[in-house]
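Visitor: Next one to model:
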Amino acid sequence: MTIVSTAPRVFMSYSHDDDEHRDWVLQLASRLRGNGVDVCLDRWDVTLGGNLAHFMERAADGIYRVIAVVSETYSRKCNDRSGGAGVEAQMLSARLYNELDTDAVIPIIRNNPNNPPELPAFLSGRLWQDFRDTATQEPAYERLLRDIHGVAVDAAPPIGPNPFEGRTEIQARLAIRDSPGRWHSPAFQGDVEFVFSQNSGRYKLGSGTSQFTLWIDAYGHDAVRAYRDPAGIANVAVIHRVRERTELLADVSQFETSSRTAIPHCGDALILHNGDGFWALLYIDKVYRREALNRESVVEFRYEIQPNRTPDFSGFAFPDSGGS
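Guide: Down below sits the predicted model:
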């Protein structure tokens with residue numbers, strides 16, 4: 001009995017810029033195969049004396065998605081229709097023209113120093129993934145792998161009810177004001193000003209499996225107390241004076257996580273670990289009170305969620321103005 005593979009199929013389209021570039025593509029293709037992707041690569045699938053033109057025709061085959069490794073040389077050859085990249089570009093252009101809304105070709109950027117990068121004409125307007133910076137290649141790789149396997153990186157939240165339906169004007173106004181989306185930052189990183197005297201001190205970060213529910217209350221005049229009680233939060237911890245100890249950000253799992261609470265002051269970092277294995281780091285910039293209709297308790301922080309589930313935040317970008 002013939003066993004048919006259900007692994008997604010990917011064709012690697014790239015230019016042979018130099019040995020280092022060829023080896024980088026080989027490493028990427030090998031890693032993808034190790035993560036459940038059936039990769040078609042010339043170094044594996046074309047033998048001496050084999051038909052190279054026949055191999056390149058696979059770029060037009062609908063059973064494959066195509067990863068286009070867009071270097072400066074690749075863009076030039078595609079536009080000039082020269083070399084193997086030019087042949088593949090011609091076939092891919094026809095494929096994209098016939099299926100205008102397709103995501104059949106995934107451009108990834110490598111050896112392409114321009115900002116924005118120079119893409120071949122046939123890929124103009126297509127969303128690309130940046131693989132130029134070694135510091136961000138891990139999250140870039142996970143995003144690529146998730147896309148190939150059809151596992152969303154940023155999960156769309158469910159559609160809520162119409163706040164105006166079946167409500168009075170005042171009820172609708174209250175429903176809008178108290179909507180959970182008001183206290184939610186779905187991105188992997190950002191700057192937040194949270195009035196934690198609202199919404200019972202709860203604020204959501206991230207989305208899907210990478211979501212965290214931050215639950216805090218006041219602790220003195222320049223600190224907050226964070227809890228691991230919300231569903232999905234496995235651990236909380238604190239790094240004191242984190243700007244002076246940035247070498248410790250390479251592995252934040254080393255900090256004490258056995259307590260129910262963690263108390264970061266201004267200038268400290270709060271570590272969150274959720275039940276799906278994701279890690280988040282929050283730098284506490286300011287904690288203060290301000291007068292409004294009622295006295296408000298406010299915390300300002302910068303946060304980052306590590307999308308590849310590692311506890312490595314060595315590249316964390318601190319805000320320009322640190323806490324006291």
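
Visitor: Over to residue 71: give its phi and psi.
Guide: phi -100, psi 170 (degrees, to the nearest 10).

Visitor: Would you enumerate the residues in contact with the closest residue to it other than its chain neighbours?
Guide: Once flanking residues are discounted, residue 71 sits nearest to residue 111: 3.9 Å by Cβ to Cβ, 6 or more residues apart in numbering. Where you see a C-beta, it was placed from the backbone N, CA and C, and this is true even at glycine. Taking Cβ atoms under 8 Å, 6 or more residues apart in numbering as the criterion, residue 111 is in contact with 17, 21, 71, 72, 73, 132.

Visitor: so the last one sits right up against residue 109, yeah?
Guide: Yes. Applying Cβ atoms under 8 Å, one finds residue 132 in contact with residue 109, separated by 5.7 Å.

Visitor: These two: which has the busier surroundings?
Guide: residue 109 (24 against 16; other Cβ atoms under 10 Å).

Visitor: now that one: how far from residue 215?
Guide: Taking Cβ to Cβ, to the nearest Å as the measure, residue 109 falls 39 Å from residue 215.

Visitor: Give the helix, strand or coil label for residue 107.
Guide: strand (DSSP: H, G, I helix; E, B strand; the rest coil).

Visitor: Write down the beta-bridge partners of it, one by one.
Guide: Beta-bridge partners recorded for residue 107 (DSSP bridges): residue 68.

Visitor: what sits against it?
Guide: Residues in contact with residue 107 (Cβ under 8 Å, 6+ apart) are 68, 70, 119, 123, 126, 127, 128, 129.

Visitor: From those residues, list the buried ones, please.
Guide: 68, 70, 119, 123, 128, 129 (16 or more other Cβ atoms under 10 Å).

Visitor: Just put these in CSV and tack on distance to residue 274, pLDDT and secondary structure.
Guide: Shown next, in CSV, are these (distance: Cβ to Cβ, whole Å; pLDDT from 0 to 100; DSSP: H, G, I helix; E, B strand; the rest coil):
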residue, distance to residue 274, pLDDT, secondary structure
68, 34, 92, strand
70, 34, 94, strand
119, 36, 89, coil
123, 36, 88, helix
128, 29, 92, coil
129, 24, 92, strand
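
Visitor: Residue 201 touches residue 217, doesn't it?
Guide: Yes. Look at residue 201 against residue 217 with Cβ under 8 Å: they come within range, at 5.0 Å.

Visitor: Between those two, tell me which one has more neighbours.
Guide: The neighbour count for residue 201 versus residue 217, taken as other Cβ under 10 Å, is higher for residue 201 (21 against 14).

Visitor: Spit out the contact partners of that one.
Guide: Counted by Cβ under 8 Å, 6+ apart, residue 201 has contacts 215, 216, 217.

Visitor: Let me see the ranges of the helices in the chain.
Guide: All helices of the chain, identified by DSSP state H, fall at 19-34, 42-45, 52-56, 72-80, 83-98, 137-149, 169-177.

Visitor: Name the stretch among the ones you listed that sits most buried.
Guide: helix 72-80 (a mean of 20; mean count of other Cβ atoms under 10 Å).

Visitor: Kindly export that one (C-alpha atoms) in CSV.
Guide: Written as CSV, here are the backbone C-alpha positions of helix 72-80 (Å, rounded to 0.1, in the frame of the first residue of the first chain):
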residue,chain,number,x,y,z
GLU,A,72,19.6,41.5,-4.6
THR,A,73,20.9,39.0,-7.1
TYR,A,74,17.6,37.1,-7.1
SER,A,75,15.7,40.3,-7.8
ARG,A,76,17.9,41.3,-10.7
LYS,A,77,17.9,37.9,-12.3
CYS,A,78,14.1,37.6,-12.0
ASN,A,79,13.6,41.0,-13.6
ASP,A,80,16.1,40.3,-16.3
